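Visitor: Please work out how this folds:
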Amino acid sequence: MGGEDKRVVDRAPDRIDVGRTGLYILFASITMFFGAIVSAMLVRRSTGNDWTSVPLPWLVWVNTAVLIASSIALWQDQRRAGILLGLAFVAGQCVAWSMIIRAAGPGNWFYWVFSVSHALHVLGGFIAFRFARFELARTYWHFLAGLWVILMILFVVMG
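Guide: Okay, here's the model as predicted:
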C-alpha cells in the first residue's frame, strides 16, 4: 500500500502569534500595575483629610491630544509622524511634571506616579518600534494611549 502519508503535521506557531500572546500578557500586567496604583489612590483619598483636587495644567490636555494624534498617525501607518508625536508627548510631560510638582498634596504625587509610570511604558514603546514587529508595537501604543485617556478621566472625576 504505497499511498501517500496524509498525517496532519502540527505547525509551530507563527512568530506573530507568539508575539501577540506575549503582548496580551504584557497588557494584563500593565493593567494590574496601574490598577494597584488606582486602588492605593482610592484608599488614600478616602482615609486622609488632606486630599485636594489636582489642578492639572493646560499642558496636560495638550499632551493628551498629542498622544491621541500619535496613535492616530500610527493607525494610518505613518510611523515617523507617530513616533515624533510620541516624543513630543514625553517632552511635554516633562514640562507638565515641573508644573505639578510645585503644588503640594497627595493627589499631585499620585498624578506624578501615574504619569511617570506611563512615560516609562511609552519609552518601552519606542524600544518596541525599534525591535518588535510594527503591528505589535502599534497595538501596544494604542493600548498606552487608551490607558492615558482612562487615567485622565480618573483624575477629572476623582480630583
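Visitor: Residue 60: what's it in contact with?
Guide: Shown in contact with residue 60 (CB atoms under 8 Å, 6 or more residues apart in numbering): 96, 152. Glycine gets a C-beta too; all of them are placed from N, C-alpha and C.
Visitor: how about the helix or strand harbouring it: buried residues?
Guide: Taking DSSP states H and E as the definition, one finds residue 60 inside helix 58-75. Buried residues in helix 58-75, counted by 16 or more other CB atoms under 10 Å: 59-60, 63-64, 66-71, 73-74.
Visitor: So which of those is the closest to residue 155?
Guide: The closest of the buried residues of helix 58-75 to residue 155 turns out to be residue 60 (CB to CB; 8.6 Å).
Visitor: thinking again about what came up before, report the buried residues of the helix or strand that the helix holding residue 60 is followed by.
Guide: Later in the chain than helix 58-75, the nearest helix or strand by DSSP H and E is helix 79-101. Within helix 79-101, the residues that qualify as buried are 82-83, 85-86, 88-90, 92-93, 96-97, 100, counting by 16+ other CB under 10 Å.
Visitor: Distance from the chain centre to the helix or strand just after helix 79-101, please.
Guide: Remark: after helix 79-101, the chain's next helix or strand is helix 106-131, criterion DSSP H and E. Offset of helix 106-131 from its chain centre (CA atoms, centre = their mean, to the nearest Å): 7 Å.
Visitor: Give the buried residues for helix 106-131.
Guide: 107-111, 114-115, 117-119, 121-122, 125, 128-129.
Visitor: and it with helix 79-101, angle?
Guide: 160 degrees (axes from the mean of the first three to the mean of the last three CA atoms, to 10 degrees).
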